[in-house]
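Trainee: kindly generate the corresponding structure for this input.
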Amino acid sequence: MNRESFAQYLAFLDDLGAALEELTGIEQEKTRFVREDDLDGLNECMKKEQALSMTLRSYDQKRTAMLAALGLEGVPLRKLAAHAPDEQIREQAAKTVERLIRRYELFRGAMEVARDTLECNLHQIEKAIRAEDPERAAQTGYPGAPVDLPPQMKTDFRA
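Mentor: Down below sits the predicted model:
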């Protein structure tokens, strides 16, 4: 494994981290738009999120190819530094990995807040619909749903 290829992989990980930061920002915007009941803003965020998820898929393919070229398939991210070609790049690898992990954790936190906020608002909408038309809600088991839907049908947005 040569030093230049390893350094290119570390630069790639920094790019991946930047994409995660962008996604974190989108998740934070999404939370704000849900709280403000701004459906247009939420829709825009979801479009950005979809586009960025396609980018992340291509990152995953590139990551797989780069790891194969480096002979590091199956090496966990946290152990990447141990496989660096020299001490200087080993230190750089450790910092890059920690930065990427931190960015990922921030993304996960923002994503969970956005999901929880959205679920909370959906429950409030369901309550409002039940209060507005309790007879229909009782018939279907799902407030606001067409009468022919089975009562056990629910939507889980955590996917």
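Trainee: switch to C-alpha atoms for all contacts and neighbour counts from now on
Mentor: OK.
Trainee: which pLDDT value belongs to residue 41?
Mentor: pLDDT, residue 41: 93.
Trainee: what is the neighbour count of it?
Mentor: 16 (other C-alpha atoms under 10 Å).
Trainee: what's the answer for residue 107, then?
Mentor: When neighbours are counted by other C-alpha under 10 Å, residue 107 comes out with 22.
Trainee: tell me which element it falls in.
Mentor: Taking DSSP states H and E as the definition, residue 107 sits inside helix 87-132.
Trainee: what does residue 19 give?
Mentor: Assigned by DSSP H and E, residue 19 falls in helix 3-35.
Trainee: so that helix versus helix 87-132, what angle?
Mentor: Inter-element angle recorded for helix 3-35 and helix 87-132: 20 degrees (by axes from the mean of the first three to the mean of the last three C-alpha atoms, to 10 degrees).
Trainee: quick check: mean pLDDT of helix 3-35?
Mentor: For helix 3-35, the mean pLDDT works out to 95.
Trainee: and it, what other elements does it pack with?
Mentor: Under the contact criterion of 3 or more C-alpha pairs under 8 Å, 6 or more residues apart in numbering; DSSP states H and E, helix 3-35 touches helix 39-70, helix 87-132.
Trainee: closest to residue 31 out of the ones you listed?
Mentor: helix 87-132 (4.6 Å; C-alpha to C-alpha).
Trainee: what helices or strands is that closest one leaning on?
Mentor: helix 3-35, helix 134-140.
Trainee: buried residues, the longest one. List them.
Mentor: Taking 16 or more other C-alpha atoms under 10 Å as the neighbour-count basis, helix 3-35 is seen to contain the buried residues 6-7, 9-10, 12-14, 16-17, 19-34.
Trainee: residues touching residue 99, list them.
Mentor: Residue 99 makes contacts with residue 17, as judged by C-alpha atoms under 8 Å, 6 or more residues apart in numbering.
Trainee: good, we can wrap up now.
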